[in-house]
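Asker: Kindly generate the corresponding structure for this input.
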Amino acid sequence: MKPGPKNLITDISGLLVGNSQNDALKSGTTVVIAQKPFTASVQVMGGAPGTRETDLLAPDKAVASVDALVLSGGSAFGLDACSGVVDGLRAAGRGFRVGGATVPLVPGAILFDLLNGGEKDWVVNPYRSLGRLALENASDDFALGTVGAGTGAMTAMLKGGLGSASLVLPDGSTVGALVAANPVGAVTTPGDKFFFAAPFEINAEFGGRGVDPASGLGMTLDSRKTAAMSLRENTTIAIVATDATLTKAECQRVAVAAHDGIGRAIVPAHTPMDGDLVFALSTDARPAGNVTLIGHAASLCLARAIARAVYEASPEPNDLLPCWSTMNA
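Answerer: A predicted model of the protein is given here:
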């Protein structure tokens, strides 16, 4: 296995990612769409999720495919980003046909970034317009770090962000991951130099510092985030994808396996105050693949994407936490 040409989830042909953010708000939205509806499912393993329309992704539910997936900041307010994406898709004539009506199906998930130093005194919820703008910005190339749903993200010790990674499998199919990393836990080992995901790094994609030589890691749970806010604002939300044909049930198994990537990259993970969630989708563009290998590749991509999210984060005014780049200049 090796990374795709861009090392992004959009190495999967036909997938597009759109980002929008408001720097004063310190928050934003990310949307994933394709040229046509795609098969998708979800697995939630955190104790505090915030979601929209995820029930319809269960394998036993009648809906066969959806039109887009949304990741957003804003906690419960951010769920309205899905409405903006629905507005844009409906205007484009995309959605599930019910008689004379067109209903775009857009599941989404949010992270909590309401106490990160941004201006949150809005009168009109800004996330609907952020969702519409993210859809309009959809492209096969996009930035990482302090953008989209990762704009206001923070880990325990450093700024979080938006990350992505990909792998091309031996049969020619591609697997990718996209993540907004905002966990209770740390993505770096004590000292902020090494990433927990370092054993899975490829081509120095998050600095090439290698593996922390220390042992006994994880014995302390230090958190600058908690010290800054007396609260841990949290959740890692992700999308993994493949062009290999998968059923909804197989997508769910891939989502389950991909959570291993969260556990490899974040310590601790899946806590009661995280809403850790992974969507898995298939564009069904290639023949059916090896679900075990696809799930394994998704977990590797997700671990790498989480580290890339922190590595690519950039400093902004009124930040509560430092960036990896400034700590390791």
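Asker: Go ahead and confirm I294 touches V256.
Answerer: No: I294 lies out of contact with V256 (CB atoms under 8 Å); the separation is 11.8 Å. (C-beta placed from N, C-alpha, C; glycine too.)
Asker: So those two - more neighbours on which side?
Answerer: I294 (30 against 18; other CB atoms under 10 Å).
Asker: tell me which residues of the helix or strand that one falls within are tucked away?
Answerer: Using DSSP states H and E, I294 sits in helix 291-311. With burial defined by 16 or more other CB atoms under 10 Å, the residues of helix 291-311 counted as buried are 291, 293-311.
Asker: next one: stretch 200-208
Answerer: Here stretch 200-208 shows F200, E201, E205, F206, G207 as buried, counting by 16+ other CB under 10 Å.
Asker: Just checking the distance from it to the centre of its chain.
Answerer: With CA atoms, centre = their mean, to the nearest Å as the basis, stretch 200-208 stands 19 Å off its chain's centre.
Asker: where in the stretch 151-300 of the chain is pLDDT low?
Answerer: Counting by pLDDT under 70, the stretch 151-300 of the chain shows low-confidence ranges at 229-233.
Asker: Would you map the helices across it?
Answerer: 224-229, 248-265, 291-311 (DSSP state H, counting those that start in this stretch).
Asker: Who are the packing partners of the second one?
Answerer: In terms of contact count using 3 or more CB pairs under 8 Å, 6 or more residues apart in numbering; DSSP states H and E, helix 248-265 is assigned the packing partners strand 27-44, strand 236-245, strand 277-288, helix 291-311.
Asker: Just want the angle from the last one to strand 277-288.
Answerer: Looking back up the chat, that one is helix 291-311. Computed by axes from the mean of the first three to the mean of the last three CA atoms, to 10 degrees, the angle separating helix 291-311 from strand 277-288 equals 130 degrees.
Asker: What is the burial count for the nearest residue to A109 once chain neighbours are set aside?
Answerer: Using CB to CB, 6 or more residues apart in numbering and skipping residues adjacent in sequence, the residue nearest A109 is I237, 4.4 Å away. For I237, the number of neighbouring residues by other CB under 10 Å comes to 33.
Asker: Which parts of the protein are strands?
Answerer: 16-22, 27-44, 51-52, 66-72, 96-98, 101-103, 108-110, 161-168, 174-181, 236-245, 277-288 (DSSP state E).
Asker: Sheet partners, orientation included, of the fifth one?
Answerer: The strands that strand 96-98 pairs with in its sheet are strand 101-103 (antiparallel) (by DSSP bridges).
Asker: Kindly report the same for the third one.
Answerer: Taking DSSP bridges as the criterion, strand 51-52 sits next to strand 108-110 (antiparallel) in its sheet.
Asker: Can I get the helices and strands packed on helix 248-265 in CSV including distance to G88?
Answerer: Formatted as CSV, those follow (distance: least, CB to CB, whole Å):
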stretch, distance to G88
strand 27-44, 9
strand 236-245, 18
strand 277-288, 19
helix 291-311, 25
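Asker: so which of those comes closest to L8?
Answerer: With CB to CB as the measure, helix 291-311 is the member of those nearest L8 (9.2 Å).
Asker: Check which helices and strands that closest one sits against.
Answerer: Against helix 291-311 (3+ CB pairs under 8 Å, 6+ apart) you get strand 161-168, strand 174-181, strand 236-245, helix 248-265, helix 324-327.
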